[in-house]
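S.K.: Build me a model from this:
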Amino acid sequence: MRTVLVVVAALIMLARVAAASHVTVDIAACRQMDSLLTAMRAGAPRDSVQRALEHILDTPSYRVMFRHYNRSWRPNHLPPAVFERMILSLEFPDAYTAGENSRADAMLVRWRAAFDDLPAYRRALGQLERAKLPSLVAQGVRYAQTWLPPGWTIPDFTLVVQPQGGSPAFAVDGAQGYDFFQIPRTSAGDIDVNQLVGTIAHESNHLGMREPKLGVVLTPSDSVAFALITMFVAEGVATEFISGPPAGRVPAIPEVPYHILSALDSAWARRVAEEPEMMHRLADRLDRAVSGTLTQQQHEQEMRDYWFEGAIGRAYVLGSEMFGAIELGLGRKAVFQAIEDPRRLLQLYNRAIDAKPGTLGRCVRAPDGAVAQSLAIGARR
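M.R.: As a prediction, this is how the structure comes out:
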């Protein structure tokens, strides 16, 4: 009987994963930009180049990209007109001036390299066109699904690849976006399938995350407190269990098949050293939130300037370490409990440290006051 139940459970899981997502893959922007850059290099008139560029930037692929860069907590981070002028400056230098926009400045470096070597761009485009993207996406989705609570599934989504030069990958509004310039590659210059699948799995896990159902209407102060706590969930889970970060205060999870952060080991180690300050800041901001002295606007400013600042955002590291500790100390069921109700994240994290002091003794505990304040979100009136 036990064998039958195990087989049935496995079949149910396979059926759930197989039905999880229908994915539309769109790489048209990569071809369109190839044509545009070629025309620019050949001396096409500025007005015709600008019209063609405006058309490309109004396609679904780039509309997804602009939604990513101009989220509610960082509006006008990259205005479309600025991005357009940055690209035009490759051939028409007066179109954009360095220093106008920090994101565009950083992107320009990759655009310039592509414009200066169009044969390399076309070789990379040919590799992407020959890659079996639907199969790779299905592989990534299957793995991502294993780190979502029972009953949560990854919805249908569109995967777009476009030249942009900023975020290597992102998920927003039911879509995934990938920077053509930063598709992971091996030392031989071929597409690194393991890293690409791992990145797809990371972003797919984001798309499968749901808004927690607390069963209560939060006060304005509790809404800010809840936003602060939930900030660690999506990136913490996907980073720890899919991206395969190096060991920090929490040992690396051995069964994670992807290691897409290997080039950032030293940056990760520096962030791990900051964890005592991060936890102190989290407790302080949580106290301010529940007392009504931390506004949503101030929280969003801190997200930009502190928690998601730099090559490895602090929220990624602290979230990853907390969820890794919960998995090692209490098991996957507890991980899912923290995902479903983030108010329990700090409580479960401290319990995990207590359960495995030999393994997790270096972890920075959440202050008891912060644990109590987190658990009380939604109970205050």
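
S.K.: Please identify the buried residues of the helix or strand containing residue 128?
M.R.: Here residue 128, judged by DSSP states H and E, is contained in helix 118-130. By 16 or more other Cβ atoms under 10 Å, the buried positions in helix 118-130 come out as 121, 124, 125, 128. Bear in mind the C-beta positions are built from the backbone N, C-alpha and C, glycine included.

S.K.: isn't there a helix covering residue 158?
M.R.: No - assignment of residue 158 by DSSP: H, G, I helix; E, B strand; the rest coil gives strand, placing it outside any helix.

S.K.: Just list whatever residues bridge to it.
M.R.: Legend: beta-bridge partners of residue 158 under DSSP bridges are residue 24, residue 175.

S.K.: Could you dump the buried residues of helix 118-130 into CSV with pLDDT added?
M.R.: Converted to CSV, the buried residues of helix 118-130 look like this (pLDDT from 0 to 100):
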residue, pLDDT
121, 97
124, 96
125, 97
128, 95
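
S.K.: follow-up on the earlier one: check the offset of the helix holding residue 128 from the chain's centre.
M.R.: 26 Å (Cα atoms, centre = their mean, to the nearest Å).

S.K.: Number of residues surrounding the closest residue to residue 230 other than its chain neighbours?
M.R.: Spatial nearest neighbour of residue 230, excluding adjacent residues (Cβ to Cβ, 6 or more residues apart in numbering): residue 342 at 4.6 Å. Counted by other Cβ atoms under 10 Å, the residues lying close to residue 342 total 23.

S.K.: repeat for residue 263
M.R.: Neighbours of residue 263 (other Cβ under 10 Å): 11.

S.K.: if I pick it, what's in contact with it?
M.R.: By Cβ atoms under 8 Å, 6 or more residues apart in numbering, the contact set of residue 263 is empty.

S.K.: what's the following helix or strand after the helix holding residue 128?
M.R.: Proceeding N to C from helix 118-130, the next assigned helix or strand is helix 133-145, under DSSP H and E.

S.K.: Please point out which parts of that following helix sit buried.
M.R.: For helix 133-145, burial by neighbour count (16+ other Cβ under 10 Å) applies to 133, 136, 137, 138, 139, 140, 141, 142, 143, 144, 145.

S.K.: what does stretch 237-256 contact?
M.R.: Taking Cβ under 8 Å, 6+ apart as the rule, stretch 237-256 contacts 143-144, 147, 198, 201-203, 205-206, 209, 257-262, 265, 268-269, 272, 275, 316-317, 319-321, 323-325, 327-328, 335, 339, 359-360, 362-364.
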